[in-house]
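Novice: Curious how this folds, go ahead:
(chains A and B)
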There are 2 protein chains.
Amino acid sequence: MTARPSLIVHGGAGELSEGDDPEGVRQLAGCSTAARAGFEVLRRGGGALDAAVVAVRCLEDDPLFNAGTGSTLTVDGEVECDASLMSGDGRAGAVGCVRTVRNPIELARRVMERTPHVFLVAGGAEEFAVECGIEKLPPGALVTAAMREKWRMAVAQRSASRSGGTVGCVARDAGGQVAAATSTGGMLLKRRGRVGDSAVIGVGTYADDLAGAASCTGAGEAFIKALAAKSAVEAMRSGAAPDEAAQRVLALVRRFGGDGGLICVDAAGRVGFGFDTARMARAWIDADELEGSGFKAA
Amino acid sequence: MTARPSLIVHGGAGELSEGDDPEGVRQLAGCSTAARAGFEVLRRGGGALDAAVVAVRCLEDDPLFNAGTGSTLTVDGEVECDASLMSGDGRAGAVGCVRTVRNPIELARRVMERTPHVFLVAGGAEEFAVECGIEKLPPGALVTAAMREKWRMAVAQRSASRSGGTVGCVARDAGGQVAAATSTGGMLLKRRGRVGDSAVIGVGTYADDLAGAASCTGAGEAFIKALAAKSAVEAMRSGAAPDEAAQRVLALVRRFGGDGGLICVDAAGRVGFGFDTARMARAWIDADELEGSGFKAA
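Specialist: Presented below is the predicted three-dimensional model:
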């Protein structure tokens, strides 16, 4: 079977604030670059999981996004990253509270491929990274000057605005398989040891070749109660188009008092998204190889 | 509204092995004791969450069960506990890879009550326990002689049999609210840093006052793919009796190549369970205050 590949990425749902317009332009460019890098994998016949990892790596390496380099800081002023991925054949991997790894999404993939487990956290996950030959970064390596300044202000004001900025990608490859990948630095001023909802299989990330894949961005109990990513995939399984599936999940999340956004691809390769925050940078390349992107609501 | 309270506990799904019959008798007694302790809370007008925590504490403190004292050991020979709970009003808390806390379920509750987060792990979770005034145990405090011996044999044979033994409780109180709580030492010979599926909200634990609550026991991707606890609650929402909901989830889990067990209570206070392993110790007190228990299949 040869399907036409497609892919969509997001750079996190959040609120608008001063300076967001120029940042929005840069985030759009970052998302488009990531989407093209992922799509290039698909165009060459690569798998959906490879494509999703490549795209999320791009976003992790871009200091504009709250994942990998440029992640938000904990109340102690450190970076602690969460990431998860799932292949539509049911394999999954996730890491939480990882401080010493440049690309947490790559480590999540190693957990999936090289352990009998799904989820490794903190020191144990960092040890595993070393065993895998992944470079161990010194403390502070992922902290950007801009994020340090934001952290200083938040500490001074004792208020943690919602940081947004989780990144993710969902893709379908030419073999008809789907995958989802999500990575985040989590909430600004979070406690040490806090694992975010976005990087939990079923909540932030889910994929099933027979239905589709989803990657979510949003904070709090509402996404957990809604089992957001799984719910989006179930909506597609029951026939909803990806945009419609996203809207249904957002309605469910709102009922539970939350907001955020998500991206979806269905088993037929249609891509879609939805968000009910003021912004969610996203970029996609659909099965007709048409590119699209956006920052605020249409 | 005054409802008749009810509650069911489980001591983990697993295989039968030599010596299991006397152990089964002891596990049954342990489950009955925990069920009665939890039910006493309900009888006095206490909440479902309080009752579930009391019952799970009992099982954590009983060295027969793989949770708290008597937990299985990691490949490094240490105890690392996971626990999660959810109240039917949507509040949830979870901890992972906690080594220094006697009752991980109590710590999960503190996460729910005293932080804006849902999930804390490893050192950060242990720090939080100290802030809450919870006694910090010395290394090895939760290791029993029997488990050390089991670990030695497993290391010698380089094989980790499925350890089973996750514990859980679901309850409905006189106010009609439901709750679920789950606690586990995880897999024997697991890697340091491994968080088990059983203690993830939606997979191992889920509760919704409008539908019911579930606590699962079983290993592997199959429970994750099935989002087992959430699926059980959704089955009850759509009208399935608790036993039937459990069977539907097990069928789903089998399709994904796994096995295990779960306990359920629906919004009407009916309790039920299911397992497709050889054994799952369980005990319940239903809305008519009738007690029941079992170890192997009926």
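Novice: residues near the nearest residue to A:M236 once chain neighbours are set aside, how many?
Specialist: What sits nearest to A:M236 in space, not counting adjacent residues and going by Cβ to Cβ, 6 or more residues apart in numbering or on different chains, is A:G212, at 3.9 Å. Bear in mind the C-beta positions are built from the backbone N, C-alpha and C, glycine included. Neighbour count for A:G212, taken as other Cβ atoms under 10 Å in any protein chain shown: 31.
Novice: did I read that right, A:L210 in a helix?
Specialist: No - per DSSP: H, G, I helix; E, B strand; the rest coil, A:L210 lies outside any helix segment and is coil.
Novice: Does A:G218 touch A:F256 like I think?
Specialist: No - with contact defined as Cβ atoms under 8 Å, A:G218 does not reach A:F256; the gap is 10.7 Å.
Novice: More neighbours: which of these two?
Specialist: A:G218 (30 against 15).
Novice: what about the more buried one, distance to chain B?
Specialist: Applying Cβ to the nearest Cβ, to the nearest Å, the value for A:G218 to chain B is 13 Å.
Novice: could you pull out the strands for the stretch 101-250 of chain A?
Specialist: A:119-121, A:167-172, A:178-184, A:205-208, A:212-218 (DSSP state E, counting those that start in this stretch).
Novice: can you list the residues of the stretch 151-298 of chain A near chain B?
Specialist: A:187, A:190-197, A:200-203, A:208, A:221, A:224-225, A:227, A:230, A:256 (Cβ under 8 Å from any Cβ of the partner chain).
Novice: Identify the bridge partners of the residue nearest to A:M236.
Specialist: A:D208, A:D266 (DSSP bridges).
Novice: check contacts around it.
Specialist: A:V170, A:V178, A:A232, A:V233, A:M236, A:R237, A:P242, A:A245, A:C264, A:V265, A:D266, A:A267 (Cβ atoms under 8 Å, 6 or more residues apart in numbering or on different chains).
Novice: could you list every residue that touches A:G45?
Specialist: Applying Cβ under 8 Å, 6+ apart to A:G45 gives the contacts A:D173, A:A174.
Novice: Skipping adjacent residues, who's closest to A:V25 in space?
Specialist: A:F295 (7.7 Å).
Novice: which residues does that neighbour contact?
Specialist: Per Cβ under 8 Å, 6+ apart, neighbours of A:F295: A:G24, A:V25, A:Q27, A:L28, A:R279, A:M280, A:A281.
Novice: Could you double-check that the fourth one sits in contact with A:A283?
Specialist: It stands for A:L28. Yes - between A:L28 and A:A283 there is a contact at 6.9 Å, judged by Cβ under 8 Å.
Novice: Which one's more surrounded, those two?
Specialist: A:A283 (30 against 17).
Novice: Tabulate the CA atom coordinates of the particular helix or strand that has the more buried one in it in PDB.
Specialist: Here A:A283 sits within strand A:279-285, counting by DSSP states H and E. What follows is strand A:279-285, C-alpha atoms only, in PDB (Å, rounded to 0.1, in the frame of the first residue of the first chain):
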ATOM      1  CA  ARG A 279      -2.600  31.500  19.900                       C
ATOM      2  CA  MET A 280      -1.200  28.200  18.700                       C
ATOM      3  CA  ALA A 281       1.600  28.200  16.200                       C
ATOM      4  CA  ARG A 282       1.200  25.300  13.700                       C
ATOM      5  CA  ALA A 283       2.400  24.300  10.300                       C
ATOM      6  CA  TRP A 284       1.400  21.400   8.100                       C
ATOM      7  CA  ILE A 285       2.000  19.700   4.800                       C
END
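Novice: Tell me how many other residues crowd the closest residue to A:G47 other than its chain neighbours.
Specialist: Of all residues not flanking A:G47 in the chain, A:D173 sits nearest, at 5.1 Å (Cβ to Cβ, 6+ apart). When neighbours are counted by other Cβ under 10 Å, A:D173 registers 26.
Novice: shared neighbours, A:L28 and A:A283?
Specialist: A:S293.
Novice: what residues does stretch A:152-161 touch?
Specialist: Residues contacting stretch A:152-161 (Cβ under 8 Å, 6+ apart): A:E15, A:S17, A:V75, A:M187, A:L188, A:L189, A:K190.
Novice: between the residues you listed, which is nearest B:A94?
Specialist: A:K190 (14.8 Å; Cβ to Cβ).
Novice: thinking again about what came up before, would you mind finding the most buried of the strands of the stretch 101-250 of chain A?
Specialist: Compared across the strands of the stretch 101-250 of chain A, strand A:167-172 shows the largest average neighbour count, a mean of 36 (mean count of other Cβ atoms under 10 Å in any protein chain shown).
Novice: and the angle from that strand to strand A:279-285?
Specialist: 30 degrees (axes from the mean of the first three to the mean of the last three Cα atoms, to 10 degrees).
Novice: what packs against strand A:167-172?
Specialist: Using 3 or more Cβ pairs under 8 Å, 6 or more residues apart in numbering or on different chains; DSSP states H and E, the elements in contact with strand A:167-172 are strand A:6-14, helix A:20-43, helix A:48-61, strand A:178-184, strand A:212-218, strand A:260-266.
Novice: Report the inter-axis angle for that strand versus strand A:212-218.
Specialist: 170 degrees.
Novice: Adjacent strands (with direction) for strand A:167-172?
Specialist: strand A:6-14 (antiparallel), strand A:178-184 (antiparallel).
Novice: would you turn the ones you listed into CSV with mean pLDDT?
Specialist: Below are the strands paired with strand A:167-172 laid out as CSV (pLDDT from 0 to 100):
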stretch, mean pLDDT
strand A:6-14, 94
strand A:178-184, 97
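Novice: which regions of the stretch 51-200 of chain A sit below the pLDDT cut-off?
Specialist: Applying pLDDT under 70 to the stretch 51-200 of chain A picks out residues A:160-164.
Novice: if we can go back for a sec, report the separation between the residue nearest to A:V25 and A:A222.
Specialist: Separation of A:F295 from A:A222 (Cβ to Cβ, to the nearest Å) stands at 23 Å.
Novice: Restricted to buried residues, select the contacts of A:F295 in ChimeraX.
Specialist: Selecting only the buried entries of those in ChimeraX, with 16 or more other Cβ atoms under 10 Å in any protein chain shown as the criterion:
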select /A:24,27,28,279,280,281
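Novice: Would you check which pair of the contacts of A:F295 lies furthest apart?
Specialist: Farthest pair in those, by Cβ to Cβ: A:V25 and A:M280, 14.8 Å.
Novice: what sits against the nearest residue to A:D286 once chain neighbours are set aside?
Specialist: Distances taken as Cβ to Cβ, 6+ apart put A:S6 closest to A:D286, at 5.0 Å, once the chain neighbours are dropped. For A:S6, the contact set (Cβ under 8 Å, 6+ apart) comprises A:L42, A:A171, A:R172, A:V265, A:G269, A:R270, A:V271, A:W284, A:I285, A:D286, A:A287.
Novice: Repeat that for A:Q27.
Specialist: If a contact means Cβ under 8 Å, 6+ apart, then A:Q27 has A:G11, A:L64, A:F65, A:A281, A:F295 as its contacts.
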